[in-house]
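*Asks:* After the sequence you'll find the predicted model.
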Amino acid sequence: MNHFLSVKEVYNLDVLVRNALLFKKTPFADKHLGKNRTIGLLFFNSSLRTRLSTQRAAQNLGMEVIVMNVGADSWQLEMEEGVIMNSDKAEHVKEAAAVVGQYCDIVGVRSFPSLTDREADYSEKVMNQFVKYTGRPIISLESATRHPLQSLTDLITISEYKTKARPKVVLTWAPHVKALPQCVPNSFSEWMNVADVDFVITHPEGYELAPEFSGNAKITHNQNEAFEGADFIYAKNWSSYTHYGQILNQDPAWMVTMDKMKLTDNAKFMHCLPVRRNVVVEDAVLDSDHSIVIPQAGNRVWAAQVVLKEMLMGLNRKESPYLF
Ligand SMILES: NCCC[C@H](NC(=O)CCC(=O)O)C(=O)O
Ligand SMILES: NC(=O)OP(=O)(O)O
């Protein structure tokens with residue numbers, strides 16, 4: 001694995017999930033692999049889980065970790081090519097990314113979408129600049145359109161908790177007070193569409209995801225119908241893709257409640273977190289046995305660790321091609 005930006009870089013999904021669960025049993029089995037290797041984690045946006053779990057995963061592999069809140073601590077970066085840099089942005093990504101590449105063997109980047117310029121966001125302008133100029137393998141820590149470490153975690157968690165060979169997995173839109181990215185639902189859909197699950201998406205009208213992500217999923221505007229017989233309920237708010245970045249609906253009737261969970265086949269409740277209680281999902285669900293959001297977040301470590309292991313093995317192969 002060179003870069004990790006989407007499910008497309010994954011050669012064998014089943015093996016990746018199985019190896020992640022092996023790390024859960026023996027976290028330090030590959031402690032030697034990251035010796036004298038450094039990962040740099042660059043955050044343009046806030047994070048709790050991604051930052052700590054990736055750091056922990058790297059440490060489990062024996063790596064050194066450097067973290068920077070680019071949005072707050074370093075220079076503001078210019079992402080456009082060929083511009084006159086007379087605004088507030090002091091440094092171009094061409095230099096910044098290349099310099100970070102001098103200090104690190106692998107670089108992680110978190111950069112949310114603007115939600116104002118759909119074309120720029122969906123062309124992954126920022127992430128691609130880092131891929132182009134860092135000269136190192138890049139791991140997405142949530143980009144403008146995807147959150148692959150989260151989706152791998154979700155697949156690992158579903159594999160762990162499923163009680164049927166082919167569970168029914170429902171992605172449901174839920175209300176929110178802010179306009180949020182489509183990354184998590186895009187990415188979740190992309191991964192579920194290649195996994196062995198019965199995948200259903202439910203959302204109000206106007207919240208259709210980009211077709212490249214929703215793919216062949218069953219889509220319904222009837223949330224109750226979607227919940228019937230479900231084994232997993234995955235809740236998430238997102239802003240509109242078609243009316244780009246807008247909030248079209250804040251109807252509290254879309255909140256996940258205990259009454260709705262009763263329609264399911266005793267489903268597990270999942271959310272990537274952070275979650276707003278009693279807006280997205282009511283307390284009663286989050287505090288019940290339905291909720292697996294904490295072990296789900298715990299699995300972020302094993303997802304990051306299995307991806308970093310693949311990347312480290314790739315680096316070793318490149319540097320010592322005759323040993324492999
Ligand atoms: N990394 C996981 C989700 C990050 C982001 N959520 C948020 O920004 C929530 C912010 C709030 O609730 O104020 C999102 O939806 O993509
Ligand atoms: N789920 C997730 O990515 O959480 P953070 O935004 O806290 O990293």
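*Replies:* Received it, and whenever you're ready, just let me know what you need. Ligands and ions are numbered 1, 2, ... in the order given.
*Asks:* drop to CA atoms for contacts and neighbour counts, all remaining ones
*Replies:* Will do.
*Asks:* burial count for residue 259?
*Replies:* Residues lying near residue 259 (other Cα atoms under 10 Å) number 11.
*Asks:* In the stretch 201-324 of the chain, what residue lies closest to ligand 2?
*Replies:* Residue nearest to ligand 2 within the stretch 201-324 of the chain (Cα to the nearest ligand atom): residue 272, separated by 4.3 Å.
*Asks:* what sits against that residue?
*Replies:* 150, 184, 236, 293, 296-297 (Cα atoms under 8 Å, 6 or more residues apart in numbering).
*Asks:* Kindly identify which of those residues also come near ligand 1.
*Replies:* Contacts with ligand 1 within the contacts of residue 272, counted by Cα under 6 Å from any ligand atom: residue 184.
*Asks:* possible to save the contacts of residue 272 as TSV with pLDDT?
*Replies:* Formatted as TSV, the contacts of residue 272 follow (pLDDT from 0 to 100):
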residue	pLDDT
150	98
184	98
236	98
293	98
296	98
297	98
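*Asks:* contacts for stretch 245-256?
*Replies:* Stretch 245-256 has contacts (Cα under 8 Å, 6+ apart) with 115-116, 173-181, 204, 206, 223, 235, 239-240, 278-282, 285.
*Asks:* same question but for stretch 140-149, I mixed them up
*Replies:* Outside stretch 140-149, the residues touching it (Cα under 8 Å, 6+ apart) are 4-7, 50, 108-114, 121-122, 124, 127, 181-184, 186-188, 300, 303-304.
*Asks:* Figure out the length between the terminal residues of it.
*Replies:* 7 Å (Cα to Cα, to the nearest Å).
*Asks:* and what of stretch 256-265?
*Replies:* 15 Å.
*Asks:* And it, what's buried?
*Replies:* By neighbour count on 16 or more other Cα atoms under 10 Å, the buried set for stretch 256-265 is 256-258, 261, 263-264.
*Asks:* which residues touch the nearest residue to residue 10 once chain neighbours are set aside?
*Replies:* Closest residue to residue 10 apart from its sequence neighbours, by Cα to Cα, 6 or more residues apart in numbering: residue 1 at 7.5 Å. Neighbouring residues of residue 1 by Cα under 8 Å, 6+ apart: 9-10, 307, 310-311, 314.
*Asks:* May I see the residues you listed organised as CSV, with secondary structure and pLDDT added?
*Replies:* Listed next are those as CSV, based on DSSP: H, G, I helix; E, B strand; the rest coil; pLDDT from 0 to 100:
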residue, secondary structure, pLDDT
9, helix, 92
10, coil, 94
307, helix, 98
310, helix, 96
311, helix, 97
314, helix, 94
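*Asks:* wait, which of these is closest to ligand 1?
*Replies:* Nearest member of these to ligand 1, counting by Cα to the nearest ligand atom, is residue 307, at 17.7 Å.
*Asks:* can you count the residues close to that closest one?
*Replies:* Neighbours of residue 307 (other Cα under 10 Å): 21.
*Asks:* any idea how far residue 69 is from it?
*Replies:* 22 Å.
*Asks:* Repeat that for residue 109.
*Replies:* 10 Å.
*Asks:* neighbour count winner among the two?
*Replies:* Ranked by neighbour count (other Cα under 10 Å), residue 109 and residue 69 place residue 109 first, with 23 against 15.
*Asks:* Could you work out the end-to-end span of stretch 262-280 for me?
*Replies:* 17 Å.
*Asks:* thinking again about what came up before, who wins for neighbours among the contacts of residue 272?
*Replies:* Going by other Cα under 10 Å, residue 150 tops the contacts of residue 272 with 26 neighbours.
*Asks:* Which of the helices or strands spans that one?
*Replies:* If you go by DSSP states H and E, residue 150 is part of helix 148-161.
*Asks:* and that helix, which residues are buried?
*Replies:* Buried, per 16+ other Cα under 10 Å, within helix 148-161: 148-159.
*Asks:* Over to stretch 87-104?
*Replies:* 92-94, 96-98, 100-101, 104.
*Asks:* Identify, from the residues you listed, the entry nearest to residue 24.
*Replies:* residue 104 (26.2 Å; Cα to Cα).
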